[in-house]
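> turn this into a structure:
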Amino acid sequence: MITRTSEMPKIPDWQKQMATGFSRVHELLEWLEIDPDLLEGLTDTEPHFPMKVPHAYAARMRKGDPHDPLLRQVLPLQAEKESVPGFVCDPVGDLVATGDEGMIQKYHGRALLVTTGACAIHCRYCFRRHFPYQSHRPDRVLSADCLEGLRHEDIEEVILSGGDPLTLGDRRLKSLIDSIGTLGSLRRLRIHTRLPVVVPDRVTNSLIDILREFRTPVTVVLHINHPNEIDLQTQLACRRLFENGIHLLNQAVLLRGVNDDAGVLERLCVEGFEAGVLPYYVHQLDRVAGSAHFLVAPDEALKIEQRLRERLPGYLLPRFVSELQGERSKVPLSKAVY
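Numbering: from 1, shown residues only. You can find the predicted model right below:
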């Protein structure tokens, strides 16, 4: 008698890494050889936004250093639970601009698709940490109604966001962007992601083929806040994308205690460029509830911007901007009114 056994699909290594990272504060601190008593205001994370840190990212943190800038980005603190005036659940007006299928339209000729609520890492300053993904059904992205809406608006650029769109498996991602490719008015595809930084193994041959073969230029906007995030594996992942014709930009968030220093941002711009990544934006912190302890005052941020102007050539100089609810574009920090 011949028995048939069906082979289980092989789980990609990058997905295994996403599933096996640090989710408990004490385990991460123990691994980093940091005494919890050296960190003031530690707290257990809230169930809806638990700590999540891939091993590949944690490996770049300095052991024994409670003030490590990468650790600070992911470590939950009691300060997150404090109510601060002006810090709200929807700081940039996403909910007002979001349709039922997770499509956000704020700017002319562009549509942003919330493709998933999943991320490989939970950054404590995330402006969508309170976003009601369940209500907006990312699984319905590019339904017939959504596609029809995109055609009706003559969209020239579609932006994939989330969550992180590269947490989608290759088959799902290809199906998604193939559908986008049917839009006759489309001229550009943009993907916002942190995956190539926090889990560099996400940049697979299959992913590169999907992006390289798309019919329009593809831009990947990375989220890198500190030069210590750019290790050798991240450099190699970025160079592979760059050498296969994918445009790479970086947008950072200005964060107190992480990168609120012109020297740090200079290193970020220079070392990113060496990996094939052009500086794009330095965002003033979106004032989301739970993130006030990261805020850098606008006048201080403008001084940092001026120091960068004095140290970097124009093509390596990121634009310092704010995203303000109701505005039709990003606002230069020098003109932002809070």
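> pLDDT score assigned to the spatially closest residue to Ser185 that is not a sequence neighbour?
Nearest non-adjacent residue to Ser185, counting by Cβ to Cβ, 6 or more residues apart in numbering: Asp154, 4.7 Å away. To be clear about C-beta, it is placed using only N, CA and C from the backbone, and glycine gets the same treatment. For Asp154, the pLDDT comes out at 83.
> now do Arg129
Predicted confidence (pLDDT) for Arg129: 92.
> before we move on, the earlier item: counting neighbours, what do you get for the residue nearest to Ser185?
Using other Cβ atoms under 10 Å, the number of residues around Asp154 comes to 11.
> just checking, it touches Arg110?
No - between Asp154 and Arg110 there is no contact under Cβ atoms under 8 Å: 11.0 Å.
> identify the residues contacting Gln105.
Gln105 makes contacts with 97, 99, 111-112, 153, as judged by Cβ atoms under 8 Å, 6 or more residues apart in numbering.
> now render the residues you listed as JSON lines, adding neighbour count, distance to Ile208 and secondary structure.
Listed next are these as JSON lines, based on neighbours: other Cβ atoms under 10 Å; distance: Cβ to Cβ, whole Å; DSSP: H, G, I helix; E, B strand; the rest coil:
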{"residue": "Ala97", "neighbour count": "15", "distance to Ile208": "32", "secondary structure": "helix"}
{"residue": "Gly99", "neighbour count": "14", "distance to Ile208": "31", "secondary structure": "coil"}
{"residue": "Ala111", "neighbour count": "22", "distance to Ile208": "25", "secondary structure": "strand"}
{"residue": "Leu112", "neighbour count": "22", "distance to Ile208": "24", "secondary structure": "strand"}
{"residue": "Glu153", "neighbour count": "16", "distance to Ile208": "30", "secondary structure": "coil"}
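> now, which of the residues you listed sits nearest Cys238?
Nearest to Cys238 among the contacts of Gln105, counting by Cβ to Cβ, is Leu112 at 23.0 Å.
> mind listing the residues bridging to the closest one?
Ile104, Ile159 (DSSP bridges).
> so how far is Thr98 from it?
9 Å (Cβ to Cβ, to the nearest Å).
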